[in-house]
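1. generate a structure from the sequence data that follows.
(one chain, ligands or ions: 3)
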Amino acid sequence: MADQAEKKLPLSTRGPLECALRGTVLLNHPYFNKGSAFTGEERRDFGLSGLLPQGIQTLDQQVQRAYEQYSSRSDDLAKNTFLTSMKEQNEVLYFKLLHDHLEEMFSVVYTPTEGDAIQNYSRLFRRPQGLFLNVHDVDRVHEDLSKWGLADDIDYIVVTDGEEILGIGDQGAGGILISVAKLVLTTICAGIHPNRVLPVVLDCGTDNEELLKDPLYLGLREKRVRGEKYDNLVDTFVTSARKLYPQAYIHFEDFGLHNARRLLDKYRPEIPCFNDDVQGTGCVTLAAIMAAFHVSKQKLSDLRMVVFGAGTAGVGIADQVRDALATEQNISKAEAAKQIWLVDKPGILTTDVESLSSAQKGFAKPESEWKDKKRDLLSVVQEVKPNVLIGTSTVPKAFTEEIVRAMASHVERPLILPLSNPTRLHEAVPSDLLNWTDGKALVATGSPFKPVKGPWGADGKEIEVSVAECNNSVVFPGIGLGSVLCRSKLVTDKMLVAAVSGVAELGPAYRDNNAASPLLPGVDVVRDVSVRVARKVIQAAVEEGLATAKDIPTDESELDEWIREQMWEPEYRPLKFVQMEEASREAKGDMRIVGSVEPRE
Ligand SMILES: NC(=O)C1=CN([C@@H]2O[C@H](COP(=O)(O)OP(=O)(O)OC[C@H]3O[C@@H](n4cnc5c(N)ncnc54)[C@H](O)[C@@H]3O)[C@@H](O)[C@H]2O)C=CC1
Ligand SMILES: CC(=O)C(=O)O
Ligand SMILES: [Mg+2]
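-> Ligands and ions are numbered 1, 2, ... in the order given. Down below sits the predicted model:
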């Protein structure tokens, strides 16, 4: 800590923690609690004797016990519930357990299992996590938000309105758990301080009939409120959050089709905000395309991309790829959009399709080009001969054998990305895609899949193809970390493009030039990816004059070190007792915000 103080880092994440809590209150505080790992001295100083068995354990021993308990749970949802309750008891142990078993637990704390937990929110509910704001109490928003700390206490807010959760649709108030889960990933993947974050749900009712009928449903039991009243809630939330926590970065998650982009377009020019489904998905998919083209020796200018499911994620991907094409080839965005075809319920989107959104319009093809032609996905693939096929439709098995074979018949290495979550909604599974294309397809998926074996090596030798998870979770933690640390005023296109290059270069397929390796980096290197992405984001923010943090190193390796030192690690910090009367607000534990020993700049 002395080191950190000397170096004047804006955020301290190491060294002793002051604490004024004692006895059972301390044991019940998830941030301070160490359970059986409290040292003898701490047990004495904090009035814990008699409240704990004699044995003193290390964090590693606790992790071993917790892992055994976790493993004894019968299914993934029970494992998810176990982890949630551990998070409520002891945050350091929770994050350390996750950290040490990340590959195994990633799909349990995130998609697909978190989707099941969200669907069962009102049935599994034990304790609330996060902030619940409701559309009929706009006058209370400012006050309810203000309970989470003082001006410099919050770095990162995830907010959802629960309308389009992970491909499982409208989950109403249960959406709070996607905000919680995305924040868990920011901590575990990018070291964002877990007590400087705020998960929020804007409860505007739900159009999910099952929830409305469920006597145990915990949210507002009415149809979704839309229009002016909805906008007023969102605006009051954003305005109050900016006033109360002027440095906080706002991450929008799983808003419905009609609001996601509209809200992003509204707030993006004014505040540091980010829509994960639009921008995060766009960034990670562009990174997968860049890695795949590197392996298959194609240039971005060769791209012919069909996107099936032109909603929030599909158009977000189209935008990101179009912008990269325009920049790389020095052509207009309209020209670049000619290499991208959107297919939705009416088939190929042409200028004559009714009620195109403004975002879709930029990609709609002239009606004259499709006159007298069939417009379904198979016909579009046959006509367009794409080398990239993206699925963001939530239509399981939409990429049929016929479609995939049609695609593979005119490209050597088709890149196929079934991205719809959860797993059961994927447009195709990797084993089928590889079998139908004799192992030629390059594949990444929205949720995790096991590697696939087949006779696709030289002389029919069996090889194992690893399938990367192409999920925005690869990029959003690093983008958030970079933006938070440099205190960027905005999140610009240049910062996002910079983030993409950081990810693409770290993909094993790119690095090894081997198509059987995953296209994107996996969870084993997730913190390294976040550092790289954060560095690129910070450099871009500095170049654009948007970074407001002081003393950002210009040297690349010093910058990496500056980033790493501010990343929170799951380790116990020594507790130092302070009298309640003398304690800082943080040390009293009456706020959640306890990690920042020095105030942030
Ligand atoms: N892998 C990743 O990182 C991400 C994956 N997703 C997944 O992508 C999927 C879509 O999410 P959003 O874009 O947020 O939803 P959305 O509702 O905005 O978009 C879905 C689109 O698919 C279209 N669609 C539905 N049925 C169709 C059909 N039969 N034929 C053609 N089009 C059809 C809808 O009209 C809509 O335009 C979800 O499963 C979600 O989990 C979303 C964000 C990130
Ligand atoms: C991954 C993600 O953000 C989604 O499926 O909505
Ligand atoms: Mg999402």
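
2. and stretch 387-401 with ligand 1, contact?
-> Yes: if you take CB under 6 Å from any ligand atom as the test, stretch 387-401 does meet ligand 1, through 392, 393, 394, 395. (C-beta placed from N, C-alpha, C; glycine too.)

3. for stretch 139-146, give the mean pLDDT please.
-> Here stretch 139-146 scores 95 as its mean pLDDT.

4. secondary structure and neighbour count added to the residues of stretch 387-401 next to ligand 1, as a markdown table?
-> Output for the residues of stretch 387-401 next to ligand 1, formatted as a markdown table (DSSP: H, G, I helix; E, B strand; the rest coil; neighbours: other CB atoms under 10 Å):
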| residue | secondary structure | neighbour count |
| --- | --- | --- |
| 392 | coil | 28 |
| 393 | coil | 25 |
| 394 | coil | 21 |
| 395 | coil | 17 |
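
5. nearest to residue 568 among those?
-> The closest of these to residue 568 turns out to be residue 392 (CB to CB; 32.4 Å).

6. the closest residue to residue 29 other than its chain neighbours: neighbour count?
-> Using CB to CB, 6 or more residues apart in numbering and skipping residues adjacent in sequence, the residue nearest residue 29 is residue 589, 5.2 Å away. The criterion is other CB atoms under 10 Å. On that basis, residue 589 has 20 neighbouring residues.

7. burial check on the residue of the stretch 251-400 of the chain found nearest ligand 1, number of neighbours?
-> Closest to ligand 1 within the stretch 251-400 of the chain is residue 311: 1.8 Å, counting by CB to the nearest ligand atom. By the criterion of other CB under 10 Å, residue 311 has 24 neighbours.

8. circling back: residues contacting the residue nearest to residue 29?
-> By CB atoms under 8 Å, 6 or more residues apart in numbering, residue 589 lies in contact with 19, 20, 21, 25, 26, 29, 31, 32.

9. give me the helix or strand of this structure that scores worst on average pLDDT.
-> Ranked by mean pLDDT, DSSP states H and E, the weakest helix or strand in the chain is helix 2-7, scoring a mean of 42.

10. re earlier: quick check, nearest of the contacts of residue 589 to ligand 3?
-> Distance ranking of the contacts of residue 589 against ligand 3, using CB to the ion, places residue 31 first at 27.2 Å.

11. the closest one touches residue 195, doesn't it?
-> Yes: using CB atoms under 8 Å, residue 31 makes contact with residue 195 at a distance of 5.7 Å.

12. who's more crowded, the two?
-> Remark: of residue 31 and residue 195, residue 195 carries more neighbours, 21 against 18, as counted by other CB under 10 Å.

13. looking at this, the more buried one is in a strand?
-> No: under the criterion used here (DSSP: H, G, I helix; E, B strand; the rest coil), residue 195 is coil, not part of a strand.

14. before we move on, what SS does the closest residue to residue 34 other than its chain neighbours have?
-> Excluding the flanking residues, the one nearest residue 34 by CB to CB, 6+ apart is residue 572, at 5.4 Å. Recorded secondary structure, residue 572: coil (three-state DSSP).

15. helix or strand for residue 92, which one?
-> Using DSSP states H and E, residue 92 sits within helix 91-100.

16. ok, whichever helix or strand comes after that helix near ligand 2 or not?
-> Scanning forward in sequence from helix 91-100 by DSSP H and E, the next helix or strand is helix 102-109. No: Helix 102-109 does not reach ligand 2 (CB under 6 Å from any ligand atom); its nearest approach is 11.9 Å.

17. buried sites along helix 102-109?
-> 102, 105, 106, 107, 108, 109 (16 or more other CB atoms under 10 Å).

18. if we can go back for a sec, paired strands for the following helix or strand past the least confident helix or strand of the chain, with orientation please.
-> Downstream of helix 2-7, the first helix or strand assigned by DSSP H and E is strand 17-19. Using DSSP bridges, strand 17-19 pairs in its sheet with strand 575-577 (parallel).

19. ok so, going back, what's near enough to touch the residue of the stretch 251-400 of the chain closest to ligand 1?
-> Residues in contact with residue 311 (CB under 8 Å, 6+ apart) are 257, 344, 392, 393.

20. tell me the one among the residues you listed nearest to residue 523.
-> Of all the contacts of residue 311, residue 392 has the smallest distance to residue 523: 22.1 Å, by CB to CB.

21. who touches the helix holding residue 92?
-> Contacts of helix 91-100 with the rest of the structure, by CB under 8 Å, 6+ apart, involve 30-31, 33-35, 37, 59, 62-63, 66-67, 70, 83, 86-87, 105, 109, 184, 187-188, 194-195, 570-572.

22. ok, back up a step: now, which of the contacts of residue 589 lie within strands?
-> Here DSSP state E is the test, and the contacts of residue 589 give residue 19 as lying in strands.

23. need the contacts of residue 589 in JSON lines (columns: pLDDT).
-> As requested, the contacts of residue 589 are exported to JSON lines (pLDDT from 0 to 100):
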{"residue": "19", "pLDDT": "91"}
{"residue": "20", "pLDDT": "92"}
{"residue": "21", "pLDDT": "93"}
{"residue": "25", "pLDDT": "93"}
{"residue": "26", "pLDDT": "95"}
{"residue": "29", "pLDDT": "93"}
{"residue": "31", "pLDDT": "89"}
{"residue": "32", "pLDDT": "93"}
